[in-house]
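**Student:** no FASTA, just this:
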């Protein structure tokens, strides 16, 4: 590399890089294109292993373009961070920016190998100079801004430091639409933020802090903790919140992977998995990034690489299709809707502890719709339950989320071509599921009303615990958060007997009462009591008694009897689940059976423990769930065979 470059430069030259690392100095003579490409390739191959490995999966015709792009970014970064002082760095970045303009305006005069090679990429891929200047702006910002007060400031920095790279990558691969670009922005922003969190100590050592001040203030973390590496529960809570929010952004952006060709998909998936590996590493060391920088181990990298190789092999054997993907699985839907369903399925797989088992035995189109409904519910629940934020702020976020859903729903309904620009992918999948299975808006609005009940003022006891006065009030809550889900589900499952609606309502109540019994301890610790006050009074139990139980006191017979009384009500409602199953479409009965069986067994496990939901959280073991799923799969196959014979 160094043989192309001089050991010094003239500071008076318009493209002078005097003071830069020796390897980056401008040579006296313009290199040939072949020499410039070789210089960029060597830089990419020797300075960043992950980039070199990831681009291996791209078509060979594109790799020189990515080498040139990487070389520009690498040199730009080093001009800012490797020269020792901000004044010199700013001068060098200004000179580098002028050389970039020369590459566009007078390319024959460019002498630096980066710009000789990059010009070919700019022309071949029609790359706008503004994206390159955005990157340089971020490197300049690093020289003058060392603290970020708000989350929005940190994200805004990523808008210049990371997002342009993703957009340039898409353009090199032939994608120029704004919707894909916005998904790419999410991936790049998340990757940048993940690096901020893992490098907190390293950045502090050079006088920078990207962790927003508002987060530190909210969690009670002071700057000296980072400098002195003082890890506290407050720091852990702050980092946990940052990691979770970053993971959510990365997951939303990862839907981009299913909207591009197979070869680019493999590369994007590798970067997304790498970002998740960083976040997993932070979590694995209990969010203590102060004791050392979390690293992705070589073993983990090899696992990611092996996964990428398998993905590439699958891509080579997959049949090509123009504009429609997942035809066999999703019924020939367009790429954007398929991406939306995939996103929702990932949410359900990750978060739905019991529901997802039932989804597995449904036909794919019905399973996709169930995942869309679940993802919508999950996001609303997450907003309502985020206790790191004040209730009023959660109410505002919920209103904004729901208004965005309504706007997206109305937009796609009025003009289906708007689906690629409908906002959040959950909205797109949900709107498609509504259309396919005739799910009325009124049911989803009721579902939302149930979710927001936990954010609304309710009756409180003297110790400010939220309560329900009577079982009738609790039944209304169960109806909104669970029975409405059941009414949505049977529309997806299919039914023709009107009795199914009341049975689905009562089945939902059975499920929710089971959840309430299982979660009594967790709920009381959060200031919520879902057990009706009239029931508690009948047995002489108070919210204070529940707090004592949550703190470790042994249960009394009176307290066990009170919970047993509610369990008996739930048991009665499970009769409705048995009566509901024969009324559903044959191909969906197995899913209903799996769901009802898992919940019913959970209730019976609670009863067998003599209602002790305080000493240990009651759960159905995974092997037992797998056994239920296996039986459900056999039932689904038998029902399918019976249906096929009947059709003949």
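**Tutor:** Alright, I've got the coordinates. Keep in mind it's a predicted model, so treat the numbers as computed, not measured. Residues are numbered from 1 along each chain as shown.

**Student:** wait, isn't residue 92 in contact with residue 26?
**Tutor:** No: under the contact definition of C-beta atoms under 8 Å, residue 92 does not touch residue 26, with a separation of 11.3 Å. All C-beta atoms are positioned from the backbone trio N, CA, C, and that covers glycine.

**Student:** Please enumerate the shared neighbours of those two.
**Tutor:** residue 17 (C-beta atoms under 8 Å, 6 or more residues apart in numbering).

**Student:** what's residue 441 sitting at in phi/psi?
**Tutor:** Backbone torsions for residue 441, taken as degrees, to the nearest 10, come to phi -60, psi -30.

**Student:** list the contacts for it?
**Tutor:** Under the criterion of C-beta under 8 Å, 6+ apart, the contact list for residue 441 reads 409, 434.

**Student:** What confidence value was assigned to it?
**Tutor:** The confidence metric pLDDT takes the value 88 at residue 441.

**Student:** domains in the protein, as residue ranges please.
**Tutor:** As recorded under automatic domain parsing, the domains making up the chain are 15-144, 145-306, 331-439, 457-648.

**Student:** looking at those, which one has the lowest mean pLDDT?
**Tutor:** domain 331-439 (a mean of 80).

**Student:** Redo the domains of the chain as JSON lines? Include distance to residue 448 and mean neighbour count.
**Tutor:** As requested, the domains of the chain are exported to JSON lines (distance: least, C-beta to C-beta, whole Å; neighbours: other C-beta atoms under 10 Å):
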{"stretch": "domain 15-144", "distance to residue 448": "38", "mean neighbour count": "18"}
{"stretch": "domain 145-306", "distance to residue 448": "20", "mean neighbour count": "18"}
{"stretch": "domain 331-439", "distance to residue 448": "6", "mean neighbour count": "19"}
{"stretch": "domain 457-648", "distance to residue 448": "9", "mean neighbour count": "18"}
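
**Student:** With distance to residue 446 added, can I get these in JSON lines?
**Tutor:** As requested, those are exported to JSON lines (distance: least, C-beta to C-beta, whole Å):
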{"stretch": "domain 15-144", "distance to residue 446": "45"}
{"stretch": "domain 145-306", "distance to residue 446": "26"}
{"stretch": "domain 331-439", "distance to residue 446": "12"}
{"stretch": "domain 457-648", "distance to residue 446": "5"}
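
**Student:** Residue 447: which of the ones you listed is closest?
**Tutor:** Between residue 447 and the domains of the chain, the shortest gap by C-beta to C-beta is with domain 457-648, which sits at 4.7 Å.

**Student:** Distance from the chain centre to the helix or strand encompassing residue 344, please.
**Tutor:** Secondary structure from DSSP states H and E places residue 344 in helix 335-351. For helix 335-351, the gap between its own C-alpha mean and the chain's C-alpha mean amounts to 10 Å (C-alpha atoms, centre = their mean, to the nearest Å).

**Student:** One more: stretch 573-588?
**Tutor:** Averaging C-alpha coordinates over stretch 573-588 and over its chain gives two centres that are 34 Å apart (C-alpha atoms, centre = their mean).

**Student:** so how far is the first residue of it from its last?
**Tutor:** 20 Å (C-alpha to C-alpha, to the nearest Å).

**Student:** Not counting its own residues, what contacts it?
**Tutor:** Residues from elsewhere that reach stretch 573-588 (C-beta under 8 Å, 6+ apart): 362-363, 366, 490, 492-497, 499-500, 502-504, 506-507, 509-510, 513, 589, 592-593, 596, 599-600, 603, 636, 639-640, 642-643.

**Student:** repeat for stretch 550-559
**Tutor:** Applying C-beta under 8 Å, 6+ apart, the external contacts of stretch 550-559 come out as 521, 524-525, 539-541, 545, 549, 610-612, 614.

**Student:** try it again with 10 Å
**Tutor:** Under the contact criterion C-beta atoms under 10 Å, 6 or more residues apart in numbering, stretch 550-559 has outside partners 520-525, 536, 539-541, 545-549, 562-564, 610-615.

**Student:** Inside helices: which ones of these?
**Tutor:** Judged by DSSP state H, the subset of the contacts of stretch 550-559 located in helices is 520-525, 536, 545-549, 562-564.

**Student:** Can you pick out the most distant pair from these?
**Tutor:** Taking C-beta to C-beta as the measure, the ones in helices among the contacts of stretch 550-559 span a maximum distance of 22.1 Å, between 525 and 564.

**Student:** For the host helix or strand of residue 435, what is the distance to the chain centroid?
**Tutor:** Using DSSP H and E, residue 435 sits in helix 425-437. Mean C-alpha position of helix 425-437 versus that of the full chain (C-alpha atoms, centre = their mean) differs by 19 Å.

**Student:** Ok, stretch 86-104 next?
**Tutor:** A distance of 37 Å separates the C-alpha centroid of stretch 86-104 from that of its chain, computed with C-alpha atoms, centre = their mean.

**Student:** With residue 540 as the reference, measure out to residue 565.
**Tutor:** Look at residue 565 and residue 540: by C-beta to C-beta, to the nearest Å, they are 13 Å apart.

**Student:** elements contacting the lengthiest helix in the chain?
**Tutor:** The single longest helix within the chain, with elements called by DSSP H, is helix 622-647. Other elements packing on helix 622-647 under the criterion 3 or more C-beta pairs under 10 Å, 6 or more residues apart in numbering; DSSP states H and E are helix 355-359, helix 589-608.

**Student:** Tell me what angle it forms with helix 589-608.
**Tutor:** With axes from the mean of the first three to the mean of the last three C-alpha atoms, to 10 degrees as the criterion, the two stretches helix 622-647 and helix 589-608 enclose an angle of 150 degrees.
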